[in-house]
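**Student:** sequence first, predicted coordinates after that:
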Amino acid sequence: MRVLGVDPGLTRCGLGAVEGRPGAPLSLVAVGVVRTPAEDDIGSRLVVIEAEIERWLDEVRPDAVAVERVFAQHNVRTVMGTAQASAVAIVCAARRGLPVAMHTPSEVKAAITGNGNADKKQIGAMVTRLLRLDAMPKPADAADALALAICHVWRGGVQNRLAEALSKARGSAGSVTLNPGYRHSPGAGRTGDLANP
């Protein structure tokens, strides 16, 4: 499985792709960071992030995309920027029909280091070791993106098989005939968690 990990952020959006399967050595495909100037307006910054993620999807050709799940922090402005960058990554992947998984920071830390409270240095050290790199990926956003991808390779296989089984079950359930008087508006009744179809 080849996974693109996205550590979302407006100023620095980490991107890292790995290939492998549970129980086997992993290999680095690519790693980098998309940077946008803090003084630019939000729309311009999101367009830059979208263009770079699209370029990465073209070049890396992942089987799945793993994005860090945004959680509440004290700084609302930081959370909003992170959520907006996260949404861009999800849309780019969904547009191509790629499965998207959301992993919390503590889930990734636990998967990579065995400690859900690990710090950035511990994450970077384990990513370096797991991928047999000569040096720790920098900045930390790049290492975090690789950690997300590794986490999904190790944990995502089960999630993907479950999603496929659910999809097949839904498809075999047959079609539903709507009441002729019922008016359906596009998007009505949908929920947006792509990780849990």
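**Tutor:** Received it, and whenever you're ready, just let me know what you need. These numbers come from a predicted model, not from an experiment.

**Student:** helices of this structure, residue ranges please.
**Tutor:** Ranges of helices in the chain, per DSSP state H, are 42-60, 76-95, 105-113, 120-130, 140-172.

**Student:** would you mark the buried spots in the first one?
**Tutor:** What it means is helix 42-60. Neighbour counts over helix 42-60 (16 or more other C-beta atoms under 10 Å) mark 45, 46, 48, 49, 50, 52, 53, 56, 57, 60 as buried. For the C-beta atoms, the positions are set from N, CA and C on the backbone; glycine is no exception.

**Student:** now these as JSON lines including pLDDT?
**Tutor:** Compiled in JSON lines, the buried residues of helix 42-60 are given as follows (pLDDT from 0 to 100):
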{"residue": "45", "pLDDT": "97"}
{"residue": "46", "pLDDT": "97"}
{"residue": "48", "pLDDT": "97"}
{"residue": "49", "pLDDT": "97"}
{"residue": "50", "pLDDT": "98"}
{"residue": "52", "pLDDT": "97"}
{"residue": "53", "pLDDT": "98"}
{"residue": "56", "pLDDT": "97"}
{"residue": "57", "pLDDT": "98"}
{"residue": "60", "pLDDT": "97"}
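
**Student:** residue 7 versus residue 136, what's the distance?
**Tutor:** Per C-beta to C-beta, to the nearest Å, residue 136 is found 15 Å from residue 7.

**Student:** looking at these two now, which is surrounded by more residues?
**Tutor:** Neighbour count, other C-beta atoms under 10 Å: between residue 136 and residue 7, residue 7 has more, with 30 against 17.

**Student:** surely that one touches residue 145?
**Tutor:** Yes - Residue 7 is in contact with residue 145 according to C-beta atoms under 8 Å; the separation is 4.3 Å.

**Student:** need the overlap of contacts for those two.
**Tutor:** Common neighbours of residue 7 and residue 145 (criterion: C-beta atoms under 8 Å, 6 or more residues apart in numbering): 14, 15, 16.

**Student:** residue 30 bridge partners, please.
**Tutor:** Counting by DSSP bridges, residue 30 is bridged to residue 17.

**Student:** so it is in contact with residue 60, correct?
**Tutor:** Yes - the criterion here is C-beta under 8 Å, and residue 30 meets it with residue 60 at 5.8 Å.

**Student:** which neighbours do those two have in common?
**Tutor:** Joint contacts of residue 30 and residue 60 (C-beta under 8 Å, 6+ apart) are residue 17.
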